[in-house]
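**Q** Starting from these lines, generate the structure:
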Amino acid sequence: MRPQSLAGQAAFAPANTADIADAMIAASGLRVEVDRRRGRGAGLNPSGRFEPTQRETFDDGWQTLEELPPFKTDVQIEKPRTAITRNESPDLSFDRSINPYRGCEHGCIYCFARPTHAYMGLSAGLDFESKLFAKPDAPKLLERELAKPGYKVRVIAIGTNTDPYQPIEKEWRIMRQILEVLNKANHPVAIVTKSAMILRDLDILTEMAAKNIVRVGISVTTLDRKLARLMEPRASTPTRRLEAIRGLSGAGVRTSVMAAPIIPALNDHELERILDAAKAAGAEEASYVLLRLPLEVSPLFRDWLLQNYPDRYRHVMSLVRSMRGGKDYDAEFGKRMKGAGPYAWQIARRFEMAAKRLELTRRSLALRDDLFVPPNGSGVQLSLL
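**A** Numbering: from 1, shown residues only. Purely as a prediction, here's the structure:
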């Protein structure tokens, strides 16, 4: 009789975070088989940091691993109470944002949003890429919030956590519905994406651009198709992203390029080339962000680096730590985006010089907020007066 095991899983009490991180990288048995994670970014699927136990998959001698299914995209519906999320972070240019989805199918190994899946009791690894949550009520909730008396207009940022144009948007179309609400209300919005799918909504974006209530940032991490495939397995190719910049700018939509993240000794040498290519495609502005490795992202990225670029592992991580005070990450406001130290200073100066040469420096052209027209108040409790 076959033993009643957890499909080859074992539970053990968690040690400290550093020990777990090092163990995940050192023990090849923790890696999910290639056939089960084909087309995904992460090689690990550790338990969430809030879980009482950590689990690892192992071969118990009864071929249970052969029976485990591949990681397929599964989408559940999430019912939030509000559409707009607010923040008070001093180093962010916005105080409110919308996330149509939780988790991201793009599978970018460096994604700083991965640890948020722990709040759902899921892994920041493969779960983040395959167990997704859609918020189909977000457009209606947004309309209700915009109609509330006393609502103060500020630019809403979309795509700052997970990509609103990830593959499942093709079916769910939540982002398009959100844009329809914002366009009708003449509400300013700033969008960040690395997907050429944004061109699908060019009809709405063109209307919003004519009213100066929209701007778009396209993230271009590398021009190397092979590297992009390894780092961002389900995102648009670099060529398609440049085409998106060209299509948006050609339609009059204010478009910028985001060289993010900059990873030392891996893609930092491409910084000037990325800005050159984006400028040629029609980008008006540029920005960059240094690689961020908070919480579970660090062991996931380091495992990926060992698997794909073992010869560069020590050099990359040495440079990363030199910009983070000797740690994998420093979350201090003002430093987390750009880092510190000589190497970070060098990257900043290179970007500054290239952006100035290409006239991609940030402009002070603000989106209009004086055109706002509150929605009709559908679903809002009326006054008794």
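**Q** switch to C-alpha atoms for all contacts and neighbour counts from now on
**A** Fine.
**Q** just the strands in the stretch 201-350 of the chain please.
**A** In chain order, the stretch 201-350 of the chain shows strands spanning 214-219, 254-262, 285-290, with DSSP state E, counting those that start in this stretch as the criterion.
**Q** what packs against the longest one?
**A** Applying 3 or more Cα pairs under 8 Å, 6 or more residues apart in numbering; DSSP states H and E, one finds that strand 254-262 contacts strand 214-219, helix 238-250, helix 271-281, strand 285-290.
**Q** out of the ones you listed, deepest packed?
**A** Among the helices and strands packed on strand 254-262, strand 214-219 has the highest mean neighbour count (mean count of other Cα atoms under 10 Å), at a mean of 24.
**Q** between that one and strand 254-262, how many degrees?
**A** 30 degrees (axes from the mean of the first three to the mean of the last three Cα atoms, to 10 degrees).
**Q** Now do strand 214-219 against strand 285-290, angle only.
**A** Counting by the same axes, to 10 degrees, strand 214-219 lies at 50 degrees to strand 285-290.
**Q** same for strand 214-219, what does it pack against?
**A** Other helices and strands packing on strand 214-219, by 3+ Cα pairs under 8 Å, 6+ apart, are strand 189-193, helix 202-210, helix 238-250, strand 254-262.
**Q** Indicate which one of the helices and strands packed on strand 254-262 is closest to residue 350.
**A** Closest approach to residue 350 among the helices and strands packed on strand 254-262 (Cα to Cα): helix 271-281, 7.7 Å.
**Q** Let me know the average pLDDT across the closest one.
**A** Helix 271-281 shows a mean pLDDT of 98.
**Q** shaky segments in this structure?
**A** The model of the chain has pLDDT under 70 over residues 1-29, 56-67, 363-364, 377-385.
**Q** now for the helices and strands packed on strand 214-219, which one comes closest to residue 36?
**A** Distances from residue 36 to each of the helices and strands packed on strand 214-219 were compared using Cα to Cα; the minimum, 26.1 Å, belongs to helix 238-250.
**Q** which other residues reach the closest one?
**A** With Cα atoms under 8 Å, 6 or more residues apart in numbering as the contact definition, helix 238-250 has outside contacts at 194-196, 198-199, 202, 218-225, 228, 254-257, 277-278, 281-283.
**Q** Now, of those residues, which are buried?
**A** Among the contacts of helix 238-250, those classed as buried by 16 or more other Cα atoms under 10 Å are 194-196, 198, 202, 218-223, 228, 254-257, 277-278, 281-283.
**Q** Turn the helices and strands packed on strand 214-219 into CSV, including distance to residue 310.
**A** Shown next, in CSV, are these (distance: least, Cα to Cα, whole Å):
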stretch, distance to residue 310
strand 189-193, 30
helix 202-210, 42
helix 238-250, 24
strand 254-262, 19
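**Q** Among the ones you listed, which comes closest to residue 39?
**A** If you check each of the helices and strands packed on strand 214-219 against residue 39 by Cα to Cα, helix 238-250 wins as the nearest, at 17.0 Å.
**Q** Could you point out which of the helices and strands packed on strand 214-219 sits nearest residue 150?
**A** Taking Cα to Cα as the measure, those were each checked against residue 150, and strand 189-193 came out nearest at 19.1 Å.
**Q** now for the closest one, which elements pack on it?
**A** By 3+ Cα pairs under 8 Å, 6+ apart, strand 189-193 packs against strand 156-158, strand 214-219.
**Q** Compare the ones you listed and give me the one nearest residue 40.
**A** Put simply, out of the helices and strands packed on strand 189-193 the one that sits nearest residue 40 is strand 214-219, at 19.2 Å, with distance taken as Cα to Cα.
**Q** and the closest one, how far out from the chain's middle?
**A** Strand 214-219 has its average C-alpha position 14 Å from the chain's average C-alpha position, going by Cα atoms, centre = their mean, to the nearest Å.
**Q** cool, and stretch 91-109?
**A** Per Cα atoms, centre = their mean, the displacement of stretch 91-109 from the mean C-alpha position of its chain is 5 Å.
**Q** Any idea how far apart the tips of it sit?
**A** From the first residue to the last, stretch 91-109 extends over 24 Å; the measure is Cα to Cα, to the nearest Å.
**Q** same deal with stretch 112-129?
**A** Using Cα to Cα, one end of stretch 112-129 lies 13 Å from the other.
**Q** same question, stretch 332-344
**A** Using Cα to Cα, one end of stretch 332-344 lies 15 Å from the other.
**Q** which parts of that stretch are buried?
**A** Using 16+ other Cα under 10 Å as the burial criterion, the residues of stretch 332-344 that qualify are 336, 337, 338, 339, 340, 344.
**Q** For it, give me every contacting residue.
**A** Stretch 332-344 is contacted from outside by 89-91, 289-292, 319, 322-325, 329-330, 348, using Cα under 8 Å, 6+ apart.
**Q** how far away is residue 255 from residue 190?
**A** Between residue 255 and residue 190 the distance, using Cα to Cα, works out to 10 Å.
**Q** Would you mind listing the residues touching both of these two?
**A** With contacts defined as Cα under 8 Å, 6+ apart, the residues adjacent to both residue 255 and residue 190 are 215, 216, 217.
**Q** The first one is in contact with residue 253, isn't it?
**A** It refers to residue 215. Yes - the pair formed by residue 215 and residue 253 meets the contact definition of Cα atoms under 8 Å, at 6.4 Å.
**Q** Between the two, which contacts overlap?
**A** What both residue 215 and residue 253 touch, as defined by Cα under 8 Å, 6+ apart, is the set residue 209.
**Q** Provide a list of residues in contact with the most centrally placed residue in the chain.
**A** Closest residue to the average C-alpha location of the chain: residue 162 at 4.1 Å, with Cα atoms, centre = their mean. Listed by Cα under 8 Å, 6+ apart, the contact partners of residue 162 are 99, 101, 102, 103, 104, 113.
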